[in-house]
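K.L.:
Coordinates for the following, if possible.
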Amino acid sequence: MDFVRIVTGEKGDQMTDTTPDFGAQPAELLAIAVTVAREAADTARSMRAEGVSGVTTKSTDTDVVTAADRAVERQVVAALGALRPGDTVLGEEYGGTDGDGAVRWVVDPIDGTVNYLYGLPQYAVSLAAEVDGVAVAAVVRNAATGDEWTATLGGGAFRGKKRLSASVQTELGQALVATGFGYDAKRRAHQAEVLTRLITRVRDIRRFGAASLDLCLAAEGGVDAYFEKGLNPWDHAAGGLIAAEAGLLVGGLNGRPAGPDMLVAAPPAIFGPLAELLAEFDAAGGP
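P.N.:
As a prediction, the model looks like this:
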């Protein structure tokens, strides 16, 4: 069934806008996401205080996962199942769940697990609600500090109650650019080669270790731009919407959408120049 929204045309005429009904408005989905993410962040923080346990590795010896990653994701899946039965969930640790709902929730239970392991206050719960593959509501909560960023599609991005406006930087040479690195040694070597060429063309480079927080930092102008190769949906589903709603362009290289080969988030004036340099330096290539 569809719901009907009345919008006003240029001359004040009423027009009918029909949008698929997925059982809740973006604001309602955001309210659910915030509740679930806050409780999950509390769990992550309390488990960190008790000491990190159950540490194993995934893709490489440096790609760590903890008992808290798994516990937090199980908690999020259970909470969403109780609040929105039938929806599906895609998570970093356990993959996808079954369901026939129109909404898919994408969760990274602890983004920045290496930071979490070392006690660095840069790790977050990231949760987004998607409809037809498009994020419509998102929350990223820094579990260590309690800082929280939210967004709804078309509704803007916020840190707490403050509406976000991204950097208005227009010169790439004056841009502070954040990035991240993969876990595979050969991929890191290629990414390092890209950085040695890029760093002379921008103000400086920053690496914080959590993609969702990098995107939120870009959304509020803490850095001017961000790029990274190798991101999965749970890494950027929430942060990508927050960045876009704050006014950044979010995409890939050569006109492609953001994906595992590359994600770039930058102000409109420098997105093109940055993406062109990254393409020239083969940032999406290599292992």
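K.L.:
In terms of residue numbering, what are the domains of this structure?
P.N.:
According to automatic domain parsing, the chain comprises the domains 26-161, 172-280.
K.L.:
weakest of those domains by average pLDDT?
P.N.:
Mean pLDDT is lowest for domain 26-161 out of those, coming in at a mean of 94.
K.L.:
That one: how far from the chain's middle?
P.N.:
10 Å (CA atoms, centre = their mean, to the nearest Å).
K.L.:
can you map out the helices along the stretch 1-150 of the chain?
P.N.:
26-50, 67-83, 113-118 (DSSP state H, counting those that start in this stretch).
K.L.:
May I see these organised as TSV, with mean neighbour count and distance to residue 155 added?
P.N.:
The way it works is simple: take the backbone N, C-alpha and C, and place the C-beta from them, glycine included. Below are these laid out as TSV (neighbours: other CB atoms under 10 Å; distance: least, CB to CB, whole Å):
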stretch	mean neighbour count	distance to residue 155
helix 26-50	19	7
helix 67-83	19	20
helix 113-118	19	30
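K.L.:
Residue 157: which of those is closest?
P.N.:
helix 26-50 (11.2 Å; CB to CB).
K.L.:
Give me the buried positions along stretch 159-172.
P.N.:
For stretch 159-172, a neighbour-count test (16 or more other CB atoms under 10 Å) marks 159, 164, 166-167, 169, 172 as buried.
K.L.:
same check, this time on stretch 125-144
P.N.:
Using 16+ other CB under 10 Å as the test for burial, stretch 125-144 gives 125-131, 135-144.
K.L.:
Quick one: end-to-end distance for that stretch.
P.N.:
End-to-end distance for stretch 125-144, by CA to CA, to the nearest Å: 10 Å.
K.L.:
quick one on the thing from earlier: just checking, which of the buried residues of stretch 159-172 belong to helices?
P.N.:
Among the buried residues of stretch 159-172, DSSP state H puts none in helices.
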